[in-house]
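1. Attaching a predicted model along with its sequence, questions to come.
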Amino acid sequence: MQDLLELLKDGNSRTLEMMAKDLGTTTGDVIRRMEYLEHIGAIRQVAFMDNSGCGSCSGCTGCSGESQAACRGCVPQNADVNMGKVWEIA
Amino acid sequence: MSTATIALLGQPNSGKSTLFNALTGLKQHVGNWPGKTVEKKEGSFAYNGMTYEVADLPGSYSMTANSDEEVITRDFIASGEADIVCILADSSQLERSLFMLADYAGISAPCFLVLNMEDVAKDQGKTINVKALEKKLGIPVMLFSATDKKAYDRFYATLERALREKSHIDVSALEKEYEKISGYSEIKDQLSETDISGYTPMWLTVKYLENDKVVSAKLKEELSGDKAASISALGEKAGGAIATGECKFNWIDKLLDGTVNKSETGVKLGKLDRIYTHRFWGKPAVVLTVILGLFASFIPALPIMGLGSLVDILKNVVQGALSTAGCPALIMGLVCDVFIQSMGYIIKMLGFVFGVTLVFGFLEEVGVMARISYVFDNTMGKLGLQGKSVMPFLVSFGCTMGGAAGTRVIDNWGQKVLTIALAWAVPCGAAWAIVPMLSTVFFGMGAPVVIAVLLLVMILHMWVTAKIFGRGLVKKEDRCGMIMELPPYHKPRWGALLRYVFGRTKDTFVRVAKVVLLVCLIFWVLSYGSGVNDTSILYRLGIAIEPVTKFFGLPWQLFIAFVASSVGKEGAVGVISALYAGGSYGEGFMAAMGGAARAANLNELLLANVTKPEALAFIFAITFNLPCVVALAATYQEIHSAKWTARIAAYYTVGALLLSCVAYHIGLLIW
C-alpha cells in the first residue's frame, strides 16, 4: 500500500486502471486497498462542492441548505455522479 | 427448549439484513444500543427444537474502533454474549469482503463463515472450493444466497455444526505475515500477560499497531510504565495500519489462491477510454472532443440566433408605427434603441448558451465529461493543483464566481489562489453568450474556428498563468496526484438534461437582460442628443484615448465596451448597442462615412464600422478580461488577500490587452 501512496504523491493523476497497471496488479486489488486507506484516513475522497458557497453564484437557481446537491445553476443536478470519484492523499 | 445466541457480522452490503429478516421474520424488535444512537436489531427463531436469538450487529468495515458501530460490534462479541458469530462475506468480491474475517481473526468468540451472494459469483463465472477454504481457515464455511429460500436448510445445518464444533479461525498463516512487521513479536511478548478478555495477544498487538484508541487506552491501564514505554517505542517503527493492512490482504490472497478461480486477470479498458487515458493521445483526443462539441453547439444555436435577427425587423416596424403615431423621439429611442435593440442581442446570445449547455450537458450525462476532466486535471496536477481544482474550472464555464466559491474545499491556500487565478481564464457563461454571437456577426461561417482558437488560447493562457504564479504559490512538496474512478458510459437522462438546459438558459436570460438593458440605457443617455460635431464628454474622452486604444486594435467605442466588460461581460453588448446603434452616434458614423444610408440593423452597422482585425482584437480582449466585479469580490472573499486579488486582476487586464494587440496584428496579416 505504501507504493500506492507514493504514486499518489508524484503529482500525476491516474485512473484506477492506470494505477493497477503501474502497481502490476488488478483494478479490484487497487479498489480494496484504497477502501482500506480511506478507512484508516490515509486518503480521502475529494469533495467537489462545498454547499456553503452555494447561493452566492449569480447563476445559482438556489439549492436549499439541507440539500447537498451541487448548485444547479452551475452544474447539472447530480452532475458529480457522472464525474466519477476522485481520491487524494489526506 | 435450549437457546443459542448468534451474532451476524459483516460489512455494509454483505446481505446481513436480508439474512436477519429471513431468519427472524416478524419475531424481531428494533431499538438503540445503550447510550448510542446506533440501531439495535434483535430477533429469534426456532429450528429443530432449539431457540436461536439473533443479534444483527451494525454494519462496519472492520473491527477497529473508528466509529460507534465498530466499537458496539466488537464489545458485543468480546462480551461473550454470542455463542457463535456468523461472519458474512460477499462471494462476488472476496478479495475485498474477506477483510472483515481477517480483522476478526484473533478474537476469542467462535465463528463460521457464510459466503453470501453465491448466485452473483456464479454469474461471474467464479468457482469457490469451500472444502479447501474450510481446511485453510479451520472453521465451517458455506456458500449461500440469502435471497434463496431453498438455501436455508444448508444454513441451519452449518449453524448447528458450528455450534457443535465452536471452532476458531486458524491464525497461524496470518501471524506469519504479522511477524514480518518490525517489532510485532516483541510487542506481542509484552502483551502475553495482559488480561483483556475476548481478545488474543495477536489481535491486541495488531490493534495497538493500528493505533486503535480503545485498545491503546486499555493497554496503558494494564501495563506498567516501562512496558508501556517499550511497546510505544517499538510501535513507532512498525509501519502502523498500512503494514498490518498489507499483512491481512496478503493473507486473504494466499487464502484465495487455489480455492477460488480468478476471473480478473488484468486491466481492462474500453476502446474510448484507451484513447482518453493514453499518455500521449489523451490530450489531443480531449481537445478534439471539446472542439467538436463547440462546433455541434452551433447546430441548435443558429435557429435561435436567427430569431434574434427578426427583432431588427420588429424594431423597424415599431419605429415606423411610433413615428406615425407622433411619439416623442426620446420615447421612441428608449423603446427601439434601448429595449428592442438590446433584446435582439440578448436572444442571439441565448442561442449559443442553449447550444453549448445542451451539447456539454449531454457529454456529461453520458460520462465523457469525466474523461475530459481527468485529462484536464492530469495536466493541472503537473502544475501543482489538487484533484479538487477540476470542479471550480468546470463551474467557471458557467460562472466564475461559482468557480471561486468552489475553491472553498481546497485547504491549501496557495493552491486555492492558483486555482482561482486559472479559473479566471475559463470563459464564463456571459463570455460564451457574447463571444459566439459577435463571432457570428463578424466572421459568419468562420465563427466556430474563432471559438476553437479561443479555446486553445485559453489552455495556453492557463499554462502561462500557472507558470507565472505557480512558483510563488505552490511548493513542490504540496503537489500530489489523485486516483479517479471513471464512471461507466451510460444513456443520458433526457428529462434531467433538458430541465437543466432550459433552466440554465432562463437564468442566463434574466441575468444578461438586466445587465445589458441597464448598461445600454446608461450609455444611450450619455450619448443622447449628441450629433456629428459631438461635444459630449464621452465623445471627447473617446477621441482623446483612441490613439492609445488603437495600439491594442480597439476603436474607442470598443475600448469603452472592453472597460464595461470588467463590470460584467454582458455590459460590453450594452455599450456596443448604445454607442453604435443608439441614436445620434449611429447617425454620426453614417455621416462620417460620407452620407451612407442608415444601416437597417446593428449587424450591418457594426460590419460597416469595425474591421475584422478590430473585431478579433475585441473578442480576445473581452474573453480574457477579468470576469466581472462580482467574481473579483468572490476571489477576495475566498483568498482574503487584497494584494493577490489586485495582482490577478491587473494581470488579466494587461493580459487581455496584450492578447488583443496580438490578435489585431495577426488579423491585419489575414485580412
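-> Here it is on my side, so go on.
2. looking at chain A, which helix or strand is least sure?
-> Among the helical and strand segments of chain A, the one scoring lowest on mean pLDDT, DSSP states H and E is helix A:79-82, with a mean of 60.
3. Toward the C-terminus, what is the element adjacent to it?
-> Downstream of helix A:79-82, the next assigned helix or strand under DSSP states H and E is strand A:85-89.
4. What helices and strands are in contact with that following strand?
-> Where contact means 3 or more CB pairs under 8 Å, 6 or more residues apart in numbering or on different chains; DSSP states H and E, strand A:85-89 is packed against helix A:2-8, strand A:43-45, strand B:482-485. In this view, the C-beta of every residue, glycine as well, is placed from N, C-alpha and C.
5. most tightly surrounded among these?
-> Most buried of the helices and strands packed on strand A:85-89, by mean neighbour count (mean count of other CB atoms under 10 Å in any protein chain shown): strand B:482-485, with a mean of 24.
6. Residues in contact with it: which ones?
-> A:8, A:13-16, A:19, A:30, A:34, A:43, A:46, A:84-88, B:370, B:374, B:377, B:381, B:386-387 (CB atoms under 8 Å, 6 or more residues apart in numbering or on different chains).
7. Within the sheet, what are the partner strands of it, with directions?
-> Next to strand B:482-485 in the sheet, as set by DSSP bridges, lie strand A:13-15 (parallel), strand A:85-89 (antiparallel).
8. Turn the ones you listed into a markdown table, including mean pLDDT, distance to B:Lys122 and mean neighbour count.
-> Output for the strands paired with strand B:482-485, formatted as a markdown table (pLDDT from 0 to 100; distance: least, CB to CB, whole Å; neighbours: other CB atoms under 10 Å in any protein chain shown):
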| stretch | mean pLDDT | distance to B:Lys122 | mean neighbour count |
| --- | --- | --- | --- |
| strand A:13-15 | 81 | 29 | 25 |
| strand A:85-89 | 81 | 28 | 20 |
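9. Switch those over to CSV; also include distance to B:Lys150.
-> Below are the strands paired with strand B:482-485 laid out as CSV (distance: least, CB to CB, whole Å):
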stretch, distance to B:Lys150
strand A:13-15, 41
strand A:85-89, 38
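10. Show me what from the stretch 501-650 of chain B comes close to chain A.
-> B:Gly503, B:Arg504, B:Asp507, B:Thr508, B:Arg511, B:Val630, B:Ala634 (CB under 8 Å from any CB of the partner chain).
11. So for residue 85, what's the nearest residue that isn't a sequence neighbour?
-> As the question left the chain open, I've gone with chain A. Excluding the flanking residues, the one nearest A:Lys85 by CB to CB, 6 or more residues apart in numbering or on different chains is B:Glu485, at 4.4 Å.
12. oops, I was thinking of chain B
-> B:Cys111 (4.1 Å).
13. and if you look at B:Tyr374?
-> B:Met484 (5.3 Å).
14. so which strand or helix has the residue in chain B positioned nearest to chain A?
-> Closest residue of chain B to chain A, CB to the nearest CB: B:Ala405 (3.1 Å). Element membership for B:Ala405 (DSSP H and E) is helix B:400-406.
15. Can you name every helix or strand that that helix contacts?
-> Using 3+ CB pairs under 8 Å, 6+ apart, helix B:400-406 sits against helix B:390-396, helix B:413-423, helix B:629-639.
16. mind listing the helices in the stretch 1-150 of chain B by residue range?
-> For the stretch 1-150 of chain B, applying DSSP state H, counting those that start in this stretch gives helices covering B:16-24, B:68-78, B:94-97, B:99-104, B:118-123, B:130-137.
17. Those helices into JSON lines, with extra columns for mean pLDDT?
-> JSON lines is the format used below for the helices of the stretch 1-150 of chain B (pLDDT from 0 to 100):
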{"stretch": "helix B:16-24", "mean pLDDT": "90"}
{"stretch": "helix B:68-78", "mean pLDDT": "85"}
{"stretch": "helix B:94-97", "mean pLDDT": "91"}
{"stretch": "helix B:99-104", "mean pLDDT": "94"}
{"stretch": "helix B:118-123", "mean pLDDT": "88"}
{"stretch": "helix B:130-137", "mean pLDDT": "93"}
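18. now, which of the residues of the stretch 501-650 of chain B next to chain A lie within helices?
-> Using DSSP state H, the subset of those located in helices is B:Gly503, B:Arg504, B:Asp507, B:Thr508, B:Arg511, B:Val630, B:Ala634.
19. residues touching B:Glu236, list them.
-> Contacts of B:Glu236 (CB under 8 Å, 6+ apart): none.
20. mind listing what's buried in the one helix or strand B:Leu460 maps to?
-> If you go by DSSP H and E, B:Leu460 is part of helix B:447-473. Neighbour counts over helix B:447-473 (16 or more other CB atoms under 10 Å in any protein chain shown) mark B:447-448, B:450-455, B:457-459, B:461-463, B:465-466, B:469-470, B:473 as buried.
21. again with stretch B:116-133
-> Quick answer for stretch B:116-133 (16+ other CB under 10 Å): B:Asn116, B:Met117, B:Glu118, B:Asp119, B:Ala121, B:Lys126, B:Ile128, B:Leu133.
22. worst-scoring helix or strand of chain B, pLDDT-wise?
-> That would be, for chain B by mean pLDDT, DSSP H and E, helix B:584-592 at a mean of 42.
23. Packing partners of the helix or strand following that helix?
-> Counting by DSSP H and E, the next helix or strand C-terminal to helix B:584-592 is helix B:602-609. Contact here means 3+ CB pairs under 8 Å, 6+ apart; on that basis helix B:602-609 packs against helix B:282-324, helix B:341-366, helix B:429-443, helix B:584-592.
24. now the longest one, how far from the chain's geometric center?
-> Distance, stretch centre to chain centre, for helix B:282-324: 30 Å (CA atoms, centre = their mean, to the nearest Å).
25. so what does that helix touch, helix or strand wise?
-> Checked by 3+ CB pairs under 8 Å, 6+ apart, helix B:282-324 has helix B:271-276, helix B:329-332, helix B:341-366, helix B:368-382, helix B:429-443, helix B:447-473, helix B:602-609 packed alongside it.
26. Could you export those helices as TSV, including mean pLDDT?
-> Listed next are the helices and strands packed on helix B:282-324 as TSV, based on pLDDT from 0 to 100:
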stretch	mean pLDDT
helix B:271-276	85
helix B:329-332	81
helix B:341-366	82
helix B:368-382	77
helix B:429-443	85
helix B:447-473	89
helix B:602-609	72
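27. how about TSV for those, with distance to B:Leu518 added?
-> Conversion of the helices and strands packed on helix B:282-324 to TSV gives the following (distance: least, CB to CB, whole Å):
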stretch	distance to B:Leu518
helix B:271-276	44
helix B:329-332	18
helix B:341-366	10
helix B:368-382	34
helix B:429-443	14
helix B:447-473	27
helix B:602-609	18
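28. mind listing what's buried in the helix with the most length in chain A?
-> Across chain A, the longest stretch assigned as helix under DSSP H is helix A:27-39. Residues A:Thr27, A:Gly28, A:Asp29, A:Val30, A:Ile31, A:Arg32, A:Arg33, A:Met34, A:Tyr36, A:Leu37, A:His39 are the ones in helix A:27-39 that count as buried (16+ other CB under 10 Å).
29. same thing with stretch B:211-226?
-> B:Asp212, B:Val215, B:Ser216, B:Lys218, B:Leu219, B:Leu223.
30. cool, and stretch B:180-193?
-> B:Ile181, B:Gly183, B:Tyr184, B:Glu186, B:Ile187, B:Lys188, B:Gln190, B:Leu191.
31. quick one on the thing from earlier: just say which of the helices and strands packed on helix B:400-406 is most tucked in.
-> helix B:390-396 (a mean of 28).
32. Can you give me the pLDDT of the closest residue to B:Met50 other than its chain neighbours?
-> Among residues not flanking B:Met50 along the chain, B:Ser2 sits closest, at 5.9 Å (CB to CB, 6+ apart). What the model reports for B:Ser2 is a pLDDT of 83.
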